[in-house]
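Q: predicted model and sequence follow; I will ask about them next.
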Amino acid sequence: MGALIGIGICLLVLLILVLAAKQIWPTRLKNVENKHVVITGGSSGIGKCVALVAAKSGAHVTIIARDIQKLESAKSEIVRACRDRDTQKVEYFSLDIGKSYEDVEKSLHDLEKSMGPIYMLVNCAGTAICGKIEDTTAESLKLMVDLNFLGTFYCIKAVVPSMKSRKEGIIVLTSSQAACLGIFGYSAYCSTKFSLRGLAESISMELFPYNISVTLSLPPDTDTPGFATEELTKPLETKLIGKTAGLFKSEDVANKLFKDALAGKFFSIIGFESFILTTLTAGMSPFTSWCEVIMQSMLMGLLRIVGAFYLVSFQRIVLNCLKTRDQSKKSE
């Protein structure tokens, strides 16, 4: 018993030292001033908030989406947010990034000619259509695969050669907590978000020799127009499970995403539940520092137990909803 207590005390001291080291030696942030930042899905939600942060940081900003009216409105906001309106450039163009790689490649290459080399690509375009697997239409599945996965893949593929030739760049993929665990009602959506994690880990290994960092953002439910649309198709079970992590502001998610990307972190997370999930699923994912590895190693076993209680609570939600429906049918 005494030996176990001693081991526990040693682990606690080591964890405190790791956390202290992270505070004493903060990560140096890269500078985007006068550099070109491109954001897909930049006309609203997290994407627009990232564009505003980039403009405030002195970057030249291009936003990409499909709705021209929303793009024009967002551009006006971004221009007003610029640190120096006389020197900073802000542009937009309408593009369906998941439709054709040739169109994406040509558009981004033309954009570099007019706005300068793309230093930072932030992939925020995406959508969620909820439903159990038997209720998911082939059209809904294709839409999410095209936009969430192919759109991100195409944009990254188009900018990587230029970044590699210059030996610098930052690539951000906006995924979701749904890239770390399967959730009721998200069978199709989770599949597309899990795929983004695999893509991020793969290109991180491919690009690190070229001084190109990759960041995977894993936001929880975020208060955006897209989330409001998502709520319309969300089963009750999914809504109840989602409430356990709360609802975050898009500005907070965007600020954290941008800061983590400039720091070269692989995971960008916000909230305690995201910390639990990324620690539990860290596995062979890239890491920023050995302090991070030590902390994950120490906490992984304990958090597995915490995670198990979360899973049990989710299962209870599913069973209770099923019982309620069965009772309603019997009473009819």
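A: Nice, I can see it.

Q: residues near L52, how many?
A: 23 (other Cβ atoms under 10 Å). All C-beta atoms are positioned from the backbone trio N, CA, C, and that covers glycine.

Q: helix or strand right after the helix or strand containing it?
A: Using DSSP states H and E, L52 falls within helix 45-56. Sequence order places strand 60-65 as the next helix or strand after helix 45-56, per DSSP H and E.

Q: list of residues touching the helix holding L52?
A: Residues outside helix 45-56 that contact it (Cβ atoms under 8 Å, 6 or more residues apart in numbering): 32, 37, 39-42, 61, 63, 65, 74, 77-79, 81-83, 88, 90, 120, 122, 124-125, 174, 219, 222, 224-227, 250-251, 253-255, 257-258.

Q: in strands only, show me the residues you listed.
A: Mapping the contacts of helix 45-56 onto strands (DSSP state E) picks out V37, I39, T40, V61, I63, A65, V90, M120, V122, T174, T222.

Q: need those in TSV (columns: neighbour count and pLDDT).
A: Output for the ones in strands among the contacts of helix 45-56, formatted as TSV (neighbours: other Cβ atoms under 10 Å; pLDDT from 0 to 100):
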residue	neighbour count	pLDDT
V37	27	98
I39	32	98
T40	26	98
V61	30	98
I63	28	98
A65	25	97
V90	23	97
M120	27	98
V122	30	98
T174	30	97
T222	21	92
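
Q: and which of those residues is nearest to V160?
A: Closest approach between those and V160, by Cβ to Cβ: M120, at 13.0 Å.

Q: how about the contacts made by the closest one?
A: Shown in contact with M120 (Cβ under 8 Å, 6+ apart): V32, K35, H36, V37, V38, A54, A59, G169, I170, I171, V172, A261.

Q: now with 7 Å, please.
A: By Cβ atoms under 7 Å, 6 or more residues apart in numbering, M120 lies in contact with V32, K35, V37, I170.

Q: quick one: the helices in the stretch 151-300 of the chain, in order.
A: Using DSSP state H, counting those that start in this stretch, the helices of the stretch 151-300 of the chain run over 151-166, 187-207, 225-233, 236-242, 250-262, 272-280, 290-331.

Q: let me know which of these is tucked in deepest.
A: For the helices of the stretch 151-300 of the chain, the largest average neighbour count (mean count of other Cβ atoms under 10 Å) is found in helix 250-262, namely a mean of 22.

Q: angle of it against helix 45-56?
A: Angle, helix 250-262 to helix 45-56, by axes from the mean of the first three to the mean of the last three Cα atoms, to 10 degrees: 60 degrees.

Q: tilt between helix 250-262 and strand 36-40?
A: Here helix 250-262 points in a direction 130 degrees away from that of strand 36-40 (the same axes, to 10 degrees).

Q: which strands or helices does helix 250-262 pack on?
A: Helix 250-262 sits against helix 45-56, strand 169-174, strand 212-217, strand 222-223, strand 267-268, with contacts defined as 3 or more Cβ pairs under 7 Å, 6 or more residues apart in numbering; DSSP states H and E.

Q: hmm, back to that, make a markdown table out of the contacts of M120 and add distance to K113.
A: Below are those laid out as a markdown table (distance: Cβ to Cβ, whole Å):
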| residue | distance to K113 |
| --- | --- |
| V32 | 20 |
| K35 | 16 |
| V37 | 17 |
| I170 | 21 |
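
Q: follow-up on the earlier one: out of the helices of the stretch 151-300 of the chain, the one nearest L181 is which?
A: helix 272-280 (6.5 Å).

Q: low-confidence stretches in the stretch 1-150 of the chain?
A: The stretch 1-150 of the chain contains residues with pLDDT under 70 at 1-26.

Q: mind listing the helices for it?
A: Applying DSSP H, counting those that start in this stretch to the stretch 1-150 of the chain gives helices spanning 2-24, 45-56, 68-81, 101-115, 138-144.

Q: from the chain's centre, how far out does the helix holding L52 sit?
A: A distance of 14 Å separates the centroid of the chain from that of helix 45-56, by Cα atoms, centre = their mean, to the nearest Å.

Q: buried residues in it, which are they?
A: G45, I46, G47, K48, C49, V50, A51, L52, V53, A54, A55 (16 or more other Cβ atoms under 10 Å).

Q: if I look at the first one, how far off is A125?
A: Yep, that's G45 we're talking about. Taking Cβ to Cβ, to the nearest Å as the measure, G45 falls 10 Å from A125.

Q: ditto for the second one
A: The span separating I46 from A125 equals 10 Å under the rule Cβ to Cβ.

Q: for C49, same thing?
A: Separation of C49 from A125 (Cβ to Cβ): 14 Å.

Q: can you check T222 too?
A: Remark: distance between T222 and A125 (Cβ to Cβ) = 14 Å.

Q: ok, now L302?
A: Distance, L302 to A125, using Cβ to Cβ: 37 Å.

Q: do A81 as well
A: Counting by Cβ to Cβ, the separation of A81 from A125 is 21 Å.

Q: out of the two, which sits in the busier spot?
A: A125 (26 against 18).
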